[in-house]
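[1] Here is my input, please return the structure:
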Amino acid sequence: MASCGNLGGVRTSFTKMQALGNDFVLLDRLGADAPPLPAAAALARLADRHRGVGCDQILVLSPPETPAAEVGYRIFNADGSEVGQCGNGVRCVARYLWERVGMAADGLRIAAPGGVTRVFRAGPGQVRVDMGMPRLEPRDVPFLAASAESGPAGQHRLRLADGTVVTLGVCSMGNPHAVLECSAIEDAPVAHLGPLIETDPAFPERVNVGFVQQLDRHRLRLRVWERGVGETLACGTGACAAMAVLRARDAVEPVVAVGLPGGELLIEWAGAREPLWMSGPAEFVFDGTIDL
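    Take a look at the predicted model:
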């Protein structure tokens, strides 16, 4: 049990977890006597890798606000902004609930602002998640398609603030994604184009930006610039979105392995009107306390 520095406030227990290097601080607010949620500024300090615990996102567990789920959780980026869904995060939440809270494993329903997911054990430390149906209509992202030149098979040409023209697909997995194809993932201009696309006016809620390289019909490689965070080692919803954008135009098979800098996810999608499934690991790192 680690004890971290004083951010000023109530002594709070936390659990550090990670999934393919995408790391999280989990705050358990399931109990009736749980303290209130810290302010956004305190969450950002908690996520700071120099002055706090350090993480890509903060996951806050709470009783569900819908009868469609047994547990609810909220997701906050490292800058304190809130988002609707997190594929790597929900796997960490699932493992925490199974092993620390003692909740039933298969079919457990977990509600985030972006929707309810069902989780299942898929082997030691592995979680399989029903991520629901990908939403590929621009209005569901949201993406202001009128700001871009729309092409075939859901492709859009968008002129960015620096004059660069990019071709991208869009998808919502409970949070917004733009997907750009590239020939070599190592050379993808993630640090340059990522923030430009994230903040482009065509995405009124900002957007996560995936740079995908197709190796063949069964394998993809992916790097993701996450809104409010920057480039991360892995993004579960980003892997789902990349597969969905390519699958929608029959460029990949129904089962695809997506290689990210932090490891590999298995993504399965039969196609329209069917749910998309994601499988991958979730791991505990350490427990600690901190003043929030």
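[2] can you pull out the helices in the stretch 51-200 of the chain?
    All helices of the stretch 51-200 of the chain, identified by DSSP state H, counting those that start in this stretch, fall at 87-96, 190-198.
[3] which residues are in contact with the shortest one?
    In other words, helix 190-198. With Cβ atoms under 8 Å, 6 or more residues apart in numbering as the test, helix 190-198 has contacts from 158, 160-162, 164, 166, 168, 178, 180, 203, 206-209, 211, 223, 225, 227, 230-231. (C-beta placed from N, C-alpha, C; glycine too.)
[4] Counting neighbours, which bits of that helix end up buried?
    Neighbour-count burial for helix 190-198 flags 190, 193, 194, 195, 196, 197, 198 (criterion: 16 or more other Cβ atoms under 10 Å).
[5] Rounded mean pLDDT for that helix, please.
    Here helix 190-198 scores 98 as its mean pLDDT.
[6] Likewise for the first one?
    With pLDDT averaged residue by residue, helix 87-96 scores 98.
[7] got the CA coordinates for it in PDB?
    Extracted C-alpha coordinates of helix 87-96, given in PDB (Å, rounded to 0.1, in the frame of the first residue of the first chain):
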ATOM      1  CA  GLY A  87     -12.600   0.100 -23.600                       C
ATOM      2  CA  ASN A  88      -9.400  -0.600 -21.600                       C
ATOM      3  CA  GLY A  89     -10.900   1.100 -18.500                       C
ATOM      4  CA  VAL A  90     -14.000  -1.100 -18.500                       C
ATOM      5  CA  ARG A  91     -11.900  -4.200 -18.500                       C
ATOM      6  CA  CYS A  92     -10.000  -2.900 -15.400                       C
ATOM      7  CA  VAL A  93     -13.300  -2.100 -13.700                       C
ATOM      8  CA  ALA A  94     -14.600  -5.600 -14.500                       C
ATOM      9  CA  ARG A  95     -11.500  -7.300 -12.900                       C
ATOM     10  CA  TYR A  96     -11.700  -5.000  -9.900                       C
END
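[8] Could I get the contacting residues of residue 18?
    Residue 18 is in contact with 24, 92, 282, 283, 285, counting by Cβ under 8 Å, 6+ apart.
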